[in-house]
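Student: the sequence and its predicted three-dimensional model are supplied below.
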Amino acid sequence: MKSGTTNTVLTVVLATLLVCDVWFALRAIIVTREFRSMQNQVISCRTRMTEVNLLLQEAVIYGKTHPDINHVIQPFEGKPVAH
């Protein structure tokens with residue numbers, strides 16, 4: 001009788017572990033897909049920021065020869081950090 005009870009308990013534990021294994025595998029797949037999607041968004045944002053920085057640099061260079069545009073550029077220029 002004892003071996004039947006032990007067998008049932010071990011079967012339930014095995015089934016529980018199997019369900020948990022499937023659950024964690026599915027979560028890993030979902031998280032990996034989300035990570036890849038977010039990674040593509042980060043790459044896109046970094047590309048846009050690089051383009052904006054290049055545009056700002058060109059505007060600053062243009063502002064050296066055409067001072068009328070400097071009041072437009074000033075809010076976007078980096079300010080020194082006070083320590």
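Tutor: All right, it came through fine. Numbers count the residues shown, from 1 in each chain.
Student: now the residue sitting nearest the centre point of the chain: how far from residue 25?
Tutor: Residue closest to the mean C-alpha point of the chain, counted by CA atoms, centre = their mean, is residue 38 at 4.5 Å. Separation of residue 38 from residue 25 (CB to CB, to the nearest Å) stands at 21 Å. Just so you know, the C-beta spots here come from the backbone N, C-alpha and C atoms, and that holds for glycine as well.
Student: one more: residue 40?
Tutor: For residue 40, the distance to residue 25 (CB to CB) stands at 23 Å.
Student: contact partners of stretch 59-70?
Tutor: The contact list for stretch 59-70, computed with CB atoms under 8 Å, 6 or more residues apart in numbering, reads 72, 73, 77.
Student: just the helices in this structure please.
Tutor: Ranges of helices within the chain are 2-65, 70-73, based on DSSP state H.
Student: check the burial of residue 76 by counting its neighbours.
Tutor: 12 (other CB atoms under 10 Å).
Student: who are the contact partners of it?
Tutor: residue 56.
Student: try 10 Å this time
Tutor: With contact set as CB atoms under 10 Å, 6 or more residues apart in numbering, residue 76 has these partners: 52, 53, 55, 56, 59, 60.
Student: most surrounded residue in those?
Tutor: Of all the contacts of residue 76, the highest neighbour tally under other CB under 10 Å goes to residue 59, namely 16 neighbours.
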